[in-house]
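Chemist: How does the following fold in three dimensions:
(2 chains)
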Amino acid sequence: MDLTLHVERLGFRYGRTPVLHEVTLPEVRATEVTAVIGPNGSGKSTLLRCVAGFHRARGQVRLTGSDVGRRPDGGGILYLPQDPPPPSSITVFEAVLVARRIGGAGGRRQDHEAHVAATLTKLGLDEFATRRLSDLSGGQRQMVGLAQAMTRRPDVLLLDEPTSNLDLRNQLQVLRLVRDLARDQPAAVLAVVHDLSLAARIADRIVVLHDGVVHSSGPPAEVLTAEMLGAVYQVEGTVQETRDGVLTIAVTDSL
Amino acid sequence: MTAAPDLSVPAVSARAQEVVGAHHSRLRRKRLILAALVLLTLVVVVADIAIGGESLRIGDTVRAIFVPWDAPVVDTEIVWHIRMPMTVTGILVGAALSLAGAEMQTILNNPLAEPYTLGVSAAASFGAALSLVIGVSAIPVLGLIGTAGTAWVFAMLTSAVIIGFSVLRGPHTETMVLLGIAMVFLFTALLSLMQYVASEAQLQQVVFWTLGSLSRASWPQVGMLAAVLVVAVPLVLRASWKLTAMRLGDDRARALGVRVERLRIVVLAGISLVAATAVSIAGSIGFVGLVGPHVARMLVGEDHRYFVTASLFSGAFLLCASSLVAKMIVPGVLIPVGIITSIVGVPVFLGLILSRRRKLWT
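Modeler: Residues are numbered from 1 along each chain as shown, chains lettered A, B, ... in the order given. All right, here's what the predicted structure looks like:
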C-alpha cells in the first residue's frame, strides 16, 4: 500500500480565537498533489503548520502505508514556509547543503555535495550556486527554498504558497517540479495555493477552506464552480474548461 | 516529524560537477582567508609580547618563545613571566567575547547583539564593585572567590534569570533582548549605587575594574577560561549546521528539523558561561564582542564551519592589536585596553563598513 497522509478532525485556536474546526481532509496519497484554497484568514497556513507539528492541535495527523518507516532515507514530513529564505551572506549551495546535512544525515560529504549540485542544476539554480542569498531576488530565494525541500526527499511535502514571489514562467516551472517530485519520489504533496487557475493546474484534488471549516473537496472540475466562488470568495465568476482540459476562472465582478 | 535526506547519490552530470567545483573553490578561498587571519593574529601576538616597557627585538622575542633554553634569561623572564600572561589573556578573552557575540547575533537574529546585550557585563561590573566596596569576605562562598569570582557569579546570575524566563515563557528573541536591556539598567543603577557609597580609593578600584584590563588575570583564571573555551568551541562547531540554519529564519530552521527553542536556550547558556568567565577576568571590554563576528562574517560568510573559527581569531586579533596600541600610545604607560578597543576599533570598523558595497548583516 502506498504512503498516505490522513488528517482527521483537526481543531486549533490562537489564544481564544478559533481558527480550525474539526478539519478532515481527503486522504493525501503519494504521487498526488492536494491543493488547499480559500480566502485570506480561512486557516490554510495554520492547517499546514498544524499538520507539520508546529502547532499543537486537536485531532489526528497520521501517515499510513507499507512504505512508512521503511525507506532507507527516512522520509518524513517537510514543511516549506511561505516566506523565502531571508537575505544573508549564506550562499545558495550552502543553504541547500544545510538543509541536507541537518538531522545528522550520514553518508560521505562528497555524496551530499553531489546531491545538492544535482538539485540546483535540476531547478536551474546552478548558475547562482556560489552567490549569496542577499544577491538574489525574492523569487530566486523562493526557488532556493524549494531546492532545500527537494534535497530532503520527504514522504510528505507541505507547501505554503510556493509560487507567491514568482513570475509567471517560474510559477509554472515550480508547479511542474512539484508535480514531478510527487510522482517520482513518490511524495504526498499538500499545497496552499492562492491562484485558483494554478491550483486547478497542479492539483489532483482541491480542498476549499472557509472560516476554518472544509467547504468542499474533490477533483478541480467538481470543486471550482461559480457557486463556490460566490459562497466562499463572495465574487461573481465563471469557470471554463478549455479544449485541452485546463480550467480557467474568470471573475465577472466589475471593479 | 521532519524529512531526512536520502543517502543515494544521483548520477552527477558534468554541469553538477562544475557546481561542486565552484563550491570547492569558494571553500578553498575561505580556508586561505582563515590561514591569513591566523597568521596575522600570530604576528600581532608576537609584537604584543615584544613591545612594552622594555621592548625586545622581534627575533629575540621569537627565540624566547620557541627556544627559551637558547635565549638570554632576561628575555625569557620578560617574555614568559611578564608579557605572556597578558597576551594569552588577550587571545583568550578576545576569542571568547567574539565567539559569544557571534552566537548571540545568530540566536537572536540581531546584528547589534553582543555578549553584553543580556546584561552580563553590567552584572559582572556590579559584582566586582560589590566585592571591592562592601567587601564580600563575610559572605559564604563569595568571600572565598574574590572580586573576579563575585563578578562571575553575578554575570551568571543575570544569564540564569534570562534563561529561566526563556524556559518558562518561550525563548522569543524580542523578550530576551528586552529582558537583557532591563538587566543592563538594573545592574548599571546598582553599580552607580556602589560608586556613590564607595570611598575614594574604592572608587578608583571600581573604575579601573570596569575599564577592562588584561593585566590582572592570574594563570588559574586564564586556565579556567581556556577550559571553558575547550568545552564550548567543539560544542558550537558540532551544532554548526543547525546554527547556520538559524540565519534562514526560525520557521525555515524549524521546518528543516532544528529544535529552534531548545538550541537557542542551550547556546545562550553556553555563551553566557563563556562571556561571564571572560568578563570576570578582564572586566568590561566593549566592541570586540560586537565587531569580531562582523569582521569574521565579512571575511568568510556565515557557514558556521568557518564562521566560528574566523570569529575566534578576529576577536583574538582585535584584542591583541588593541593591547599593542595601548602600550604604544604613551610609552611607559599602560592604558586600560577596554578604552583602546573602542577608540581605535570604532574608526577602523567604520572604515571597513564604508569601504564595502555589501550590506553588513545581509
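Chemist: wait, does whichever helix or strand B:L190 is part of contact chain A?
Modeler: B:L190 belongs to helix B:173-197 when assigned by DSSP states H and E. No: between helix B:173-197 and chain A, judged by C-beta under 8 Å from any C-beta of the partner chain, nothing touches; the nearest distance is 13.8 Å. Any C-beta I mention is one placed from the backbone N, CA and C, and that applies to glycine too.
Chemist: Show me what counts as buried in that helix.
Modeler: Residues B:176-177, B:179-180, B:183-184, B:186-188, B:190-191, B:194 are the ones in helix B:173-197 that count as buried (16 or more other C-beta atoms under 10 Å in any protein chain shown).
Chemist: I'd like to know which of the residues you listed is nearest to B:V260.
Modeler: Closest approach between the buried residues of helix B:173-197 and B:V260, by C-beta to C-beta: B:M176, at 12.9 Å.
Chemist: list the contacts for that closest one?
Modeler: Neighbour list for B:M176: B:108, B:118, B:162, B:165-166, B:268 [criterion: C-beta atoms under 8 Å, 6 or more residues apart in numbering or on different chains].
Chemist: just A:R56 next, same as before
Modeler: Contacts for A:R56 (C-beta under 8 Å, 6+ apart) come out as none.
Chemist: Quick check: it vs chain B, distance?
Modeler: Going from A:R56 to chain B by C-beta to the nearest C-beta, to the nearest Å gives 13 Å.
Chemist: Kindly confirm my reading that that residue is in a helix.
Modeler: No: going by DSSP: H, G, I helix; E, B strand; the rest coil, the assignment for A:R56 is coil, not a helix.
Chemist: just so I have it, where are all the strands in chain A?
Modeler: Per DSSP state E, chain A carries strands over the ranges A:4-14, A:17-23, A:28-29, A:33-37, A:58-64, A:77-80, A:156-160, A:188-192, A:205-210, A:213-218, A:237-241, A:247-251.
Chemist: Name the residues that touch the first one?
Modeler: By that I understand strand A:4-14. With contacts defined as C-beta under 8 Å, 6+ apart, strand A:4-14 is touched by A:18-25, A:27-30, A:43, A:46-47, A:50-51, A:55, A:57-65, A:77, A:156, A:188, A:190.
Chemist: and A:N170, how many neighbours?
Modeler: Neighbour count for A:N170, taken as other C-beta atoms under 10 Å in any protein chain shown: 18.
Chemist: correction: A:G65
Modeler: 16.
Chemist: which one is it nearest to, not counting chain neighbours?
Modeler: A:L3 (4.0 Å; C-beta to C-beta, 6 or more residues apart in numbering or on different chains).
Chemist: how about the residue nearest the centre of chain B, what does it touch?
Modeler: For chain B, the residue nearest the mean C-alpha position is B:L97 (1.1 Å; C-alpha atoms, centre = their mean). Going by C-beta under 8 Å, 6+ apart, B:L97 touches B:114-115, B:275, B:278, B:285, B:288-289, B:292, B:315, B:319.
Chemist: Distance-wise, check it relative to chain A.
Modeler: Using C-beta to the nearest C-beta, B:L97 is found at 21 Å from chain A.
Chemist: And B:V184, by the same measure?
Modeler: In this view, B:V184 and chain A are 28 Å apart by C-beta to the nearest C-beta.
Chemist: so that residue makes contact with B:A122?
Modeler: Yes: here B:V184 lies in contact with B:A122, judged by C-beta atoms under 8 Å, at a distance of 4.7 Å.
Chemist: Can you pull the residues that touch both of the two?
Modeler: B:Y116.
Chemist: and the residue nearest to A:G65, how many neighbours does it have?
Modeler: As a burial measure, A:L3 scores 24 neighbours (other C-beta under 10 Å).
Chemist: ok, now B:L211?
Modeler: Close neighbours of B:L211, defined as other C-beta under 10 Å, add up to 15.
Chemist: Please name the nearest non-neighbouring residue to B:M104.
Modeler: B:A113 is the one closest to B:M104 (C-beta to C-beta, 6+ apart), at 4.3 Å.
Chemist: For that neighbour, list the residues it contacts.
Modeler: Contacts of B:A113 (C-beta under 8 Å, 6+ apart): B:101, B:104-105, B:177.
Chemist: So it versus B:R259, what's the distance?
Modeler: 21 Å (C-beta to C-beta, to the nearest Å).
Chemist: Quick one: distance of the helix or strand hosting B:R305 to the chain centre.
Modeler: Here B:R305, judged by DSSP H and E, is contained in helix B:304-329. Computed by C-alpha atoms, centre = their mean, to the nearest Å, the separation of helix B:304-329 from the middle of its chain amounts to 9 Å.
Chemist: Next SSE downstream of it?
Modeler: Following helix B:304-329 toward the C-terminus (DSSP H and E): helix B:337-354.
Chemist: I'd like the contacts of B:L97 as a markdown table, with secondary structure and distance to A:G230 appended.
Modeler: Listed next are the contacts of B:L97 as a markdown table, based on DSSP: H, G, I helix; E, B strand; the rest coil; distance: C-beta to C-beta, whole Å:
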| residue | secondary structure | distance to A:G230 |
| --- | --- | --- |
| B:E114 | coil | 57 |
| B:P115 | coil | 59 |
| B:A275 | helix | 61 |
| B:A278 | helix | 66 |
| B:I285 | coil | 68 |
| B:V288 | helix | 64 |
| B:G289 | helix | 60 |
| B:G292 | helix | 61 |
| B:G315 | helix | 64 |
| B:L319 | helix | 69 |
